[in-house]
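[1] heads up, no residue letters with this:
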């Protein structure tokens, strides 16, 4: 089997983006920039772009470990949450421009209220700190918007503008780049389904924009005085339906899916369907679906005049996105998006399906780490050994290493070590062990152990399986394994906790 899917890259490579013309109203290099929401998709890429421009950056997020894992040289890392206003004054102190890139879609059905509360806190703290400009990334809003996702993005911008700090709001539609939720939904559909029965919204039209083009807009507007207080649409050079985009994406990926729109799939049913057949987080997919039934054209003449650049078409944007993955320039979280977790295959889904179990006990993190790093080989995996043997035997029958047993050392672990059919990908002593799945299967898997200290001298051990499915067989494989996972990880963590306590 080839290590990469049949991607058509024989076309001429995309030309580099043109430079931006700096007019008389631009004052570059004004001071420190805060990227609030730096651990997110856009924030991660924007920090890297600002660094290349030589801009002093402060990156803020809710989890320091995620930000530290980016390894940004010279970036000041701070932990802050707009829903905890006491964390904001120090975060905004000395900041010239603040990029506001957070939303609460993953929080579930209450995300709209949380978004407004966070924006109000941020606007007040930015005014108190003397911030010169807030740049907010919102979404394209149709006149007839009725989905909570679209309304929340619109109202968040209004809440930020209610404060005294001038706000530049950039409204973008579908962003074409690795990790973009809408793009990954389309990629999963194309890769997973040879036949698609789709709702009518696949005929809705939008103006997709390449990630590089959007970053260029965000980077430049902060220093353009004429952009202060403006709401500016950002789009690409083409207006396409979602069906058009999926067909072009399929051609680039070497797929030929049949797309059949049907009238019976409501937005609600569509969101559950996407949760089944894509690996994009279900809460994000539900939030996105509400806006997909509208045409979302970008009225971007004003932004194009302020920030001239060459805009990439959809097909070219896809080629750039795929090449970024091939070059391993995509900044990803521990088990999301990184090519090593996807077995270096672009047809393995970017986002992962997941199942987990946990146990809480009195064992110290050191004792738990000793037990966790001794798994495999003669020690086994703590519980339900016959299930581990059965899965290994099935793999052995098809020529895989499923019955392999052994490890380099009974206790000591190093990066790259083999534990039976697992490979050690990451080690954080007394906190995290990440193993790559080595059996034959239609996709790529990771098993991760996380140790978290709790109050009252208690400790939680969590085991999570991440699965990046490859096509429809990868999805079927995952759903076939879920019953075993639900039982196995609960018993496994309990057994390892007892062993550590002893």
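    Perfect, thanks for sending it. Model, not experiment: these values are computed from the prediction.
[2] Would you check how far apart residue 278 and residue 172 are?
    21 Å (C-beta to C-beta, to the nearest Å). Using the backbone N, CA and C atoms, a C-beta is placed for each residue, glycine as well.
[3] Ok, residue 366 next?
    47 Å.
[4] Those two: which has the busier surroundings?
    Between residue 366 and residue 172, residue 172 has the larger neighbour count (other C-beta atoms under 10 Å), namely 27 against 12.
[5] for the more buried one, what are its contacts?
    137-140, 209, 214, 233-235, 298 (C-beta atoms under 8 Å, 6 or more residues apart in numbering).
[6] Please state the backbone phi and psi of it?
    phi -120, psi 150 (degrees, to the nearest 10).
[7] Give me the subset of the contacts of residue 172 that lies in helices.
    residue 214 (DSSP state H).
[8] For the contacts of residue 172, pick the one with the most neighbours.
    Neighbour max across these (other C-beta under 10 Å) = residue 209, 29 neighbours.
[9] Per-residue pLDDT of that one, please?
    Reported pLDDT at residue 209 in the predicted model: 96.
[10] ok, now which ones touch the residue lying closest to it once chain neighbours are set aside?
    Distances taken as C-beta to C-beta, 6 or more residues apart in numbering put residue 236 closest to residue 209, at 4.4 Å, once the chain neighbours are dropped. Contacts for residue 236 (C-beta under 8 Å, 6+ apart) come out as 176, 207-210, 213, 298, 311-314, 317.
[11] what do you get for residue 484?
    Residue 484 touches 387, 391, counting by C-beta under 8 Å, 6+ apart.
[12] In a strand, residue 346, correct?
    No. Counting by DSSP: H, G, I helix; E, B strand; the rest coil, residue 346 is not part of a strand but coil.
[13] Phi and psi next, for it.
    Note on residue 346: backbone dihedrals following degrees, to the nearest 10 are phi -80, psi -10.
[14] Just name whatever secondary elements whatever helix or strand residue 117 lives in is in contact with.
    For residue 117, the host element (DSSP states H and E) is helix 111-129. Helix 111-129 sits against helix 88-92, strand 97-100, strand 133-139, helix 148-161, with contacts defined as 3 or more C-beta pairs under 8 Å, 6 or more residues apart in numbering; DSSP states H and E.
[15] deepest of these, which one?
    strand 97-100 (a mean of 26; mean count of other C-beta atoms under 10 Å).
[16] That one pairs with which strands?
    Here strand 97-100 is paired, per DSSP bridges, with strand 33-36 (parallel), strand 133-139 (parallel).
[17] still on that earlier bit, the contacts of residue 236 in strands, which ones?
    Members of the contacts of residue 236 lying in strands (criterion: DSSP state E): 176, 209-210.
[18] if we can go back for a sec, ok, which of the strands paired with strand 97-100 comes nearest residue 433?
    Minimum separation from residue 433 across these (C-beta to C-beta) falls at strand 33-36, 30.3 Å.
[19] State the mean pLDDT of the closest one.
    Strand 33-36 comes out at a mean pLDDT of 96.
[20] so how far is that strand from its chain's centroid?
    In terms of C-alpha atoms, centre = their mean, to the nearest Å, the centre of strand 33-36 is found 19 Å from the chain centre.
[21] what does stretch 477-497 give?
    That offset, for stretch 477-497, works out to 25 Å (C-alpha atoms, centre = their mean).
[22] before we move on, what about stretch 230-246?
    Relative to its chain's centre, stretch 230-246 lies at 21 Å (C-alpha atoms, centre = their mean).
[23] Over to stretch 137-150 now: how far is its first residue from its last?
    End-to-end span of stretch 137-150 (C-alpha to C-alpha, to the nearest Å): 13 Å.
[24] wait, I meant stretch 394-404
    For stretch 394-404, the first-to-last residue distance is 12 Å (C-alpha to C-alpha).
[25] before we move on, the earlier item: mind putting the helices and strands packed on helix 111-129 in CSV, mean pLDDT included?
    Compiled in CSV, the helices and strands packed on helix 111-129 are given as follows (pLDDT from 0 to 100):
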stretch, mean pLDDT
helix 88-92, 96
strand 97-100, 97
strand 133-139, 94
helix 148-161, 86
